[in-house]
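S.K.: The following block contains a protein sequence and its predicted model.
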Amino acid sequence: MENFIEVKVTYMKTLNDGSTRKMNELYLADAINVKEAEDRVLHELSPYGLDDFEISSLKKSSVSEVFFDNRTDADKFYLAKVGVVSYNESSGAEKLTNTTYLVQASGFQSALASLLEHFKGTTLDYRVLSLSESKILDAFIHD
């Protein structure tokens, strides 16, 4: 299981009219600690020529796994909360264990289809509890 850290980057962007605007962007990094996450995001963003950017916050993410989509129109990320049902055989009680996934997709329907495809063929009793567009712009994971 990966350890994901959310990294917020702040920088000044020059707009078409010449004015500047403070930008905040959120990224997800697969890292052991916050220093590795910071280094990873700085390395990934350095080719884009953002001169004056800084890491404004780092925090542990609830994301357990990322599902990437290689299609060029898959430009959004969606947070999916999935509950897996387990049963206590002696008491008959049902227990729901929630897991959060990050799904790259072109839209809501394709994100849902990708998520369902991931669980296709499993014997898990699961429920998609929520699916919403995320503010995360990209995810950087180890190969």
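M.R.: Great, that's in hand.
S.K.: Need the contact partners of stretch 8-27.
M.R.: Stretch 8-27 is contacted by residues 6-7, 41, 44-45, 50-58, 134-140 when judged by CB atoms under 8 Å, 6 or more residues apart in numbering. All C-beta atoms are positioned from the backbone trio N, CA, C, and that covers glycine.
S.K.: In PyMOL, how would I select just the buried ones from those?
M.R.: Typed into PyMOL, the next command selects the buried ones out of the contacts of stretch 8-27 (criterion: 16 or more other CB atoms under 10 Å):
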select buried, resi 6+7+41+45+50+53+55+58+134+136+139+140
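S.K.: Among the contacts of stretch 8-27, which ones are in strands?
M.R.: When DSSP state E is applied, those are split such that 6, 7, 54, 55, 56, 57, 58, 136, 137, 138, 139, 140 fall in strands.
S.K.: Tell me which two of those residues sit farthest apart.
M.R.: Looking at those by CB to CB, the two members farthest from one another are 54 and 139, with 20.3 Å of separation.
S.K.: which SS state does residue 128 fall under?
M.R.: When the structure is reduced to helix, strand and coil (DSSP: H, G, I helix; E, B strand; the rest coil), residue 128 reads as strand.
S.K.: residue boundaries of the helices in the protein?
M.R.: Counting by DSSP state H, residue ranges of the helices within the chain are 34-45, 108-119.
S.K.: Compare these and say which comes out lowest on pLDDT.
M.R.: Between these, the lowest average pLDDT goes to helix 34-45, which shows a mean of 93.
S.K.: helices or strands next to it in the packing?
M.R.: Contact here means 3 or more CB pairs under 8 Å, 6 or more residues apart in numbering; DSSP states H and E; on that basis helix 34-45 packs against strand 4-14, strand 20-30, strand 54-60, strand 136-140.
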